[in-house]
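Participant: Below is the structure, and that's it, no one-letter string:
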DNA sequence: ACGATCTGCGCT
DNA sequence: AAAGCGCAGATCGT
């Protein structure tokens, strides 16, 4: 093993890898059958570089060159079969190749000095690159297992040597006959159950990450296919070949495999190709298998194949590169499928991604109508307010706090000495302190730096983020400053101006309707919990708690003769917490209204005893309703307390969230105890068990087979690591995602619902349905499908609330 | 002009 | 120090 240089601890003892990086190396080795005594450890540098700085330092090249003699001598003396390069510096010193993150895990054969110091010669030795342990320590603990894999590969090479996979059957410049031969063999293999993979190269995608490109009309240069490891074909995108390419794309009856289909499929369609099969995205399959590891094909191939590194050859050998892509795809696909089947999670992936994603694409594309008139009016009203408030801020903030850039240019005399600032462009002036001439800009209420300078200039205490300790100018902190200094003209106005600014920028101008008046979004399954995410625009964070939220939402309307129907799962995460905690009482509370029941405890309301005594449901529900309507403030606070407590939020956090409701942290603590002792009686035990489980096997599976890995759950002293609460949140959150996906899949089987689905907002589905005599029946079907008992959860069902309206701001409760 | 990073904030 | 996201503005470096 060859590292970089001695750290502080190492330099003291003169031994490599005995400091923190050494401890990390030991942790990695503990995942393998070997110990550090099985290896010899050296560094590229024999000494400690000044300030522990080597990479990018002015002395980097010189220092490495200076120590090369020692390094060569060490290699000659030890004559290693394999050198494992720990980090980019070592790999580059050995192979002259950079980009360790692209090359790690791949095996290189490198000319190395062997023999006596006075009569040495070159001989080929194996070199494998892996991460430097300090890189893994810097927040990349998820890569520990990969480094263990690299070490195992090095040992394997040392024992048995290494043979790269063969590229003899790559068809890099195909004749039409060779294409037909590929087709004939593929037909046979596909009928026996093989996958067919496809991959395009585009003129500009070579230099850019594929998913960053958005222009689907970029020219395609070639396409490659494979159905069998080692046998790949690449076909130039030229007129003579296009019909053959379409033939191959149509070969498979059922599935066509891509790596990141979001890139390839829209481009193939834009270039006239038909793709009628279901699209299997092997990259997402990998994401489903291991959501926390890098997703590039080059990375995954280093694990599933013995291919030589090829990703750096796109320019020098484009045909070979393209065949390698196809070969890597088929090998990785086969490996990932096998692993998912071994874990019993393959069917879930095919259903919840391959089947679901086309439905989500249709949902995003069908879009929701925007009422342009309302939108215009609303924007104008808001913009006027924002301008007025901004102007008030500009007048209240002293010149000395406004951004100032010194300029040498002579000013236009007309603006000299203007007394009061107006919002808009900057103006020229003399700096009030330094007297310099320059450009004085407006005070930016969105700039935390400028707002902090204002707070300090007033001699007010600077708010600190209670997690990070950093200075902050968040809304809550400005609110408490405003309370403490009621005469201050700025704090409340900053809050208001920021709010209006965000509404205009993100929620009005960010929603651009197509010519048909509809606004479209894209649903992805990127979150590590396999929730859905929405982007361009994100329709899952539309204003709801704002005092003008309903007026804002009125611009989202149903088409004439239609209505919007929104179906929300009621308290889904609370019910699921009860399910995972195996607490039937808590499930009952969650379904009746756990927030109201907690509020009843706070308020000493009769509901408390009704619930405990299992009173008749109508009676309990009436009391729940009473609290929800009559004590909305306490109800809303109880709701957040339930959420925070279920995911192990601290009493301190609750106090910070509700400084007015609680006099002290101790009081919040008392209330939490009340909640755990009387309502959520088994939840704390579930917390403990879940954290222990996540720490023990380093991952959790939910009831549908969604998996999440965790690395820093329990520390050696029993305290919680950074992943402990993520583990607690994972099960209810990911299970809720799976439940609503199942509902979408079932509803999409019927054309009328498939076409009517619009947006998914985590626990809610929004539909646009014809307003006709079938409406009630259709809503009934939606409710029936969404509340159907869930076999994976022992037949649990989740209640649904439905609202209906002609626009999204005036929705009325629907009752059958 | 453009990208990366930080801060802030909307929703579930 | 509940979790999970996406978007916009400010700032700084290239």
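Facilitator: Yep, it's here. The structure displayed is predicted, hence computed values, not measured ones.
Participant: Count the residues that sit near the residue nearest to residue A:666 when sequence neighbours are not counted.
Facilitator: Nearest non-adjacent residue to residue A:666, counting by Cβ to Cβ, 6 or more residues apart in numbering: residue A:651, 7.7 Å away. The C-beta positions use only the backbone N, C-alpha and C, and glycine is treated the same way. Neighbourhood size, residue A:651 [other Cβ atoms under 10 Å]: 21.
Participant: residues contacting residue A:651?
Facilitator: A:665-666, A:668-669, A:672 (Cβ atoms under 8 Å, 6 or more residues apart in numbering).
Participant: Low-confidence ranges, chain A, go.
Facilitator: Within chain A, the segments meeting pLDDT under 70 span A:51, A:56-58, A:204-214, A:406-435.
Participant: one step back: name the member of the contacts of residue A:651 with the most neighbours.
Facilitator: Busiest of those [other Cβ under 10 Å] is residue A:668, holding 24 neighbours.
Participant: which SSE is the closest residue to DNA strand C within the stretch 601-750 of chain A in?
Facilitator: Residue of the stretch 601-750 of chain A nearest DNA strand C, by Cβ to the nearest atom of the strand: residue A:653 (2.6 Å). Using DSSP states H and E, residue A:653 sits within helix A:651-657.
Participant: Point to the residue nearest the middle of chain A.
Facilitator: The centroid of chain A falls nearest to residue A:527 when counting by Cα atoms, centre = their mean (4.4 Å).
Participant: just to revisit the earlier point, so which of the contacts of residue A:651 comes closest to residue A:613?
Facilitator: residue A:672 (24.0 Å; Cβ to Cβ).
Participant: My read is that the closest one contacts residue A:646, right?
Facilitator: No: the pair residue A:672 and residue A:646 does not pass the contact test of Cβ atoms under 8 Å, sitting 10.8 Å apart.
Participant: all helices for the stretch 501-650 of chain A, in order.
Facilitator: Taking DSSP state H, counting those that start in this stretch as the test, the helices found in the stretch 501-650 of chain A are A:549-553, A:572-580, A:584-592, A:594-603, A:607-612, A:617-630, A:632-646.
Participant: Redo the ones you listed as CSV? Include distance to DNA strand B.
Facilitator: Below are the helices of the stretch 501-650 of chain A laid out as CSV (distance: least, Cβ to the nearest atom of the strand, whole Å):
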stretch, distance to DNA strand B
helix A:549-553, 6
helix A:572-580, 8
helix A:584-592, 14
helix A:594-603, 14
helix A:607-612, 24
helix A:617-630, 16
helix A:632-646, 8
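Participant: Can you get me a residue count around residue A:53?
Facilitator: If you count neighbours by other Cβ under 10 Å, residue A:53 ends up with 12.
Participant: what does residue A:544 give?
Facilitator: Residue A:544: 10 neighbours (other Cβ under 10 Å).
Participant: Disregarding residues adjacent in the polypeptide, which is nearest to it?
Facilitator: residue A:553 (7.9 Å).
Participant: Wait, that neighbour touches residue A:806, no?
Facilitator: No: applying Cβ under 8 Å as the test, residue A:553 and residue A:806 come out as separate, 11.9 Å apart.
Participant: Name the residue in these two with the higher neighbour count.
Facilitator: Comparing residue A:553 with residue A:806 by other Cβ under 10 Å, the one with more neighbours is residue A:553, at 21 against 18.
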